[in-house]
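Peer 1: need a structure here:
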Amino acid sequence: MVTGANDSDVLKWLSIANRYTRIALDRRLQPYRLNASMYYYILRLHEQPRLTQDKLISLTYLNPSNVTRAVNQLVNLGYVRKRQSKRDKRVYELSLTRKGERLYPEIVKLRQSVADDLLSDVPVAQHDELVARIRQLALRAVANETPGPTK
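Peer 2: You can find the predicted model right below:
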């Protein structure tokens, strides 16, 4: 591994960026009794009301038990409503409550504030390209870990 100013260990730097971004998000979300693992669900449910829990799991690339735990916390906090589907009793539909809808614009603002702080030294013209490259890395990591036939 190379050290010093030319340290190119991508895993190290992605991990550090993730850790400190989550700390910043946690700090700003604390007044709402949320954390960096939970706010994302409020964003998605605002964009897609009546989203099923299974669909939410596929959007997050997370273990189903982690999603279930977060959803249950959001239900207990009064931000999310969980209802059994009328069409399929095995499926649960999720939607934001009024309290969750009122919180949505605040989450958008604080999330943007954290992103702005993180990108403050990156020229605005390069933001989209940077996000696209990070997205590619993330999707490649997901694809490499998707269970398939054993070798």
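
Peer 1: how about stretch 16-32: buried residues?
Peer 2: Residues of stretch 16-32 classed as buried: 24-25, 28-29, 32 (neighbour count, 16 or more other C-beta atoms under 10 Å). C-beta: built from backbone N, CA, C; applies to glycine.

Peer 1: ok, which pair from these is furthest apart?
Peer 2: Greatest spatial distance in the buried residues of stretch 16-32: 24 and 32, 14.7 Å, computed using C-beta to C-beta.

Peer 1: other SSEs contacting the helix or strand of the chain with the lowest mean pLDDT?
Peer 2: None of the helices or strands of the chain scores lower by mean pLDDT, DSSP states H and E than helix 53-60, at a mean of 85. Packing partners of helix 53-60 (3 or more C-beta pairs under 8 Å, 6 or more residues apart in numbering; DSSP states H and E): helix 39-47, helix 64-76, strand 92-96.

Peer 1: which of the ones you listed sits closest to residue 143?
Peer 2: Per C-beta to C-beta, nearest to residue 143 of the helices and strands packed on helix 53-60: helix 64-76, 18.8 Å.

Peer 1: fine by me, we can end here.
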